[in-house]
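# Next input, structure requested:
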Amino acid sequence: MDSPTGQRRISLDFQDGGLVDSKMEKFETEYEEQGSVKRQYIAATVANLAAMVAGCCMGWTSPTLPYLESTKYIILTKGEEGWISSILALSAAIGPFPAGMTANRYGHKKALLGTAAIYILSWILLTAAKGAGLMYVARFLFGLSIGATFTVVPMYVGEIAEVLIEHSYPWIKIRGALGSFTQLLCTLGFMYVYSIGPYVSYISLGVACTAVSVLFLVTMLFIPDSPYQLVKRGDREGARKALQWLRSKSSSGVNKELNELQVAVDEQASQKTSLRDLVATRGNVKALILSLGLVGWQQFSGINAVLFFSQAIFKMSGGTLDPSIATILIGVVMFLASGCTPLLVDRTGRRFLLLTSAVGMTLSQGVLGLFFFLRHIDVDTTNIGLLPVGSLIVYIIVYSIGFGPLPWAVMGELFSPKVKSTASSLTASFCWVLGFLITKFFQDIVDGLGTHSAFWMFSVCCGLAGMFVFFLLPETKGKSLQEIQLLLEK
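Take a look at the predicted model:
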């Protein structure tokens with residue numbers, strides 16, 4: 001029964017005219033505050049501004065390299081352009097490891113503030129660059145920050161969010177909703193840089209992106225650290241204040257959750273984790289194979305090549321639509337499609353969305369390869385000039401609802417808490433190494449074998465990704481961690 005003060009009475013029964021507690025069998029009245037989820041959304045949004053900055057960094061090459069080529073503001077060779085695009089992915093493979101250690105020792109908030117400072121420094125260096133050397137340094141630092149972002153932000157959001165919150169609506173899994181913010185804000189970063197990049201100068205674009213990094217740094221100062229990390233460092237009072245702010249509750253209203261955090265920290269402290277634990281059980285080995293496989297096929301779908309070189313791809317297609325407009329359209333579609341994923345994933349299941357994504361990417365990349373093949377053999381493509389735009393829109397939609405966010409979501413469900421942190425860093429590093437190789441050699445494949453061959457190769461990889469999901473990946477929808485672990489052990 002709800003009280004006028006926004007509190008509810010817990011589990012009381014009437015028996016023989018007396019008031020009896022159903023569990024303790026004694027007279028006792030307890031109250032639990034309702035609280036609010038608004039500040040959890042605020043904190044998750046602020047933390048994921050780091051993902052928006054990461055999207056700006058990754059999408060920066062698409063409008064900038066054509067701008068430099070046309071204006072000669074900075075003269076770069078094709079090889080230098082390849083390194084400027086790909087070095088980010090190489091250093092992003094390194095970033096998760098120091099970021100994870102920093103977060104565990106000093107807390108997620110300080111790790112994110114440090115990431116924000118590196119972002120700002122990197123944008124300043126990039127904006128001031130007059131040649132490839134300083135651009136290499138800036139892009140390398142970007143990669144370290146991006147690797148840190150995609151390691152620390154999901155952990156932070158997962159630790160500040162309550163598992164279940166009761167609204168006047170059906171029960172909502174707040175943790176799943178907040179977890180989807182990373183992909184959403186990252187695509188917002190792409191859309192931001194795609195939208196303004198073609199219409200401003202090199203320096204103006206750098207200033208605009210620096211502004212987002214500064215916004216992230218300033219707002220993060222006002223957001224509390226993870227209560228779990230505060231308890232882990234022995235700051236129980238700090239954890240209490242963080243919980244009060246995040247839950248919008250009084251000091252006594254967070255006692256239960258604070259005690260549960262203390263138990264969880266104590267249990268975790270008693271367990272030593274090493275790389276050997278990743279292969280200690282049959283279930284962990286299968287989880288590792290599935291996780292590496294999913295992020296591997298994600299990269300072999302060609303997503304980084306498409307996003308880093310989208311404007312150049314549209315320019316090569318010779319279509320009737322302005323390449324900069326087409327790129328903006330891709331960014332908008334990616335943002336909107338990413339917003340649909342949280343609404344679909346718990347209704348349709350992971351396997352269905354991944355299979356749909358794989359089939360859609362196979363067909364769209366195959367059609368795109370066919371278009372470039374027709375141009376390669378000098379067939380007039382004037383009447384189908386919009387085909388590349390349509391193909392890439394389909395590709396981005398199906399990628400954004402499947403192989404974009406779900407490999408990371410599935411990974412979080414496959415591993416036990418004991419090895420999840422180690423597995424996350426290893427998987428993220430593997431993902432970025434592949435991203436570096438594909439981004440670095442995409443232009444070489446285009447120059448040597450033709451644009452059509454590059455997209456047909458991606459199409460074949462997408463088909464193999466679908467077979468991987470169909471034959472090897474179990475459905476994790478609606479299953480508890482224990483059920484998933486038993487499923488993997490079979």
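# tell me the domain ranges of this structure?
If you go by automatic domain parsing, the domain ranges for the chain are 1-34, 37-223, 272-490.
# In terms of mean pLDDT, which of those domains ranks lowest?
When mean pLDDT is averaged over each of these, domain 1-34 scores lowest at a mean of 41.
# List the contacts of Leu126.
Contact analysis of Leu126 by C-beta atoms under 8 Å, 6 or more residues apart in numbering lists Leu134, Met135, Ala138, Arg139, Phe142, Gly206. C-beta here means a position set from N, CA and C on the backbone, and glycine is covered the same way.
# Report all helices and strands that the lengthiest helix in the chain contacts.
The residue-count maximum for a helix in the chain (DSSP state H) belongs to helix 417-449. Packed against helix 417-449 by the contact rule (3 or more C-beta pairs under 8 Å, 6 or more residues apart in numbering; DSSP states H and E) you find helix 78-92, helix 96-106, helix 132-160, helix 282-300, helix 303-308, helix 406-414, helix 451-472.
# next one: the last one to chain centre, how far?
What that stands for is helix 451-472. What separates the centre of helix 451-472 from the centre of its chain is 22 Å, taken as C-alpha atoms, centre = their mean, to the nearest Å.
# what does it rub up against?
Under the contact criterion C-beta under 8 Å, 6+ apart, helix 451-472 has outside partners 289-290, 293-294, 297-298, 300-302, 305, 313, 316, 351, 354-355, 358-359, 361-363, 365-366, 368-373, 375-376, 403, 442, 445-446.
# wait, which of the domains of the chain is closest to Val254?
Evaluated with C-beta to C-beta, the domains of the chain place domain 1-34 nearest to Val254, the distance being 8.4 Å.
# ok so, going back, reformat the contacts of Leu126 as JSON lines; add neighbour count and distance to Ala111.
Formatted as JSON lines, the contacts of Leu126 follow (neighbours: other C-beta atoms under 10 Å; distance: C-beta to C-beta, whole Å):
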{"residue": "Leu134", "neighbour count": "15", "distance to Ala111": "26"}
{"residue": "Met135", "neighbour count": "22", "distance to Ala111": "26"}
{"residue": "Ala138", "neighbour count": "24", "distance to Ala111": "21"}
{"residue": "Arg139", "neighbour count": "26", "distance to Ala111": "21"}
{"residue": "Phe142", "neighbour count": "27", "distance to Ala111": "17"}
{"residue": "Gly206", "neighbour count": "22", "distance to Ala111": "25"}
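# of these, closest to Lys479?
For the contacts of Leu126, the nearest to Lys479 is Phe142 (37.6 Å; C-beta to C-beta).
# Skip the chain neighbours and tell me the closest residue to that closest one.
Cys57 (4.4 Å; C-beta to C-beta, 6 or more residues apart in numbering).
# Now for that neighbour, how many residues are close by?
28 (other C-beta atoms under 10 Å).
# Would you mind measuring from it to Thr427?
For Cys57, the distance to Thr427 equals 21 Å [C-beta to C-beta, to the nearest Å].
# Also Tyr194?
28 Å.
# of those two, who's got more company?
More neighbours surround Tyr194 than the other of Tyr194 and Thr427, with 29 against 22 (other C-beta under 10 Å).
# I'd like the distance from the helix or strand containing the more buried one to the chain centre, please.
Using DSSP states H and E, Tyr194 falls within helix 181-196. Remark: helix 181-196 is offset 11 Å from the chain centroid, using C-alpha atoms, centre = their mean.
# Which SSE is immediately downstream of it?
Per DSSP H and E, the first helix or strand lying C-terminal to helix 181-196 is helix 202-220.
# Run the chain-centre distance for that following helix.
Distance of helix 202-220 from the chain centroid (C-alpha atoms, centre = their mean) equals 20 Å.
# ok, residues contacting the helix or strand just after that helix?
Downstream of helix 202-220, the next assigned helix or strand under DSSP H and E is helix 227-232. Helix 227-232 has contacts (C-beta under 8 Å, 6+ apart) with 103, 107-108, 159-160, 236, 238-239, 242-243, 246, 257-258, 261-262, 264-265, 268-269.
# same deal with stretch 474-485?
With C-beta under 8 Å, 6+ apart as the test, stretch 474-485 has contacts from 283, 345-346, 349-351, 410, 413-414, 416-417, 487-488.
# In TSV: those residues, plus neighbour count.
Shown next, in TSV, are the contacts of stretch 474-485 (neighbours: other C-beta atoms under 10 Å):
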residue	neighbour count
Gly283	18
Val345	21
Asp346	12
Gly349	15
Arg350	22
Arg351	18
Val410	24
Glu413	15
Leu414	26
Ser416	16
Pro417	12
Leu487	15
Leu488	20
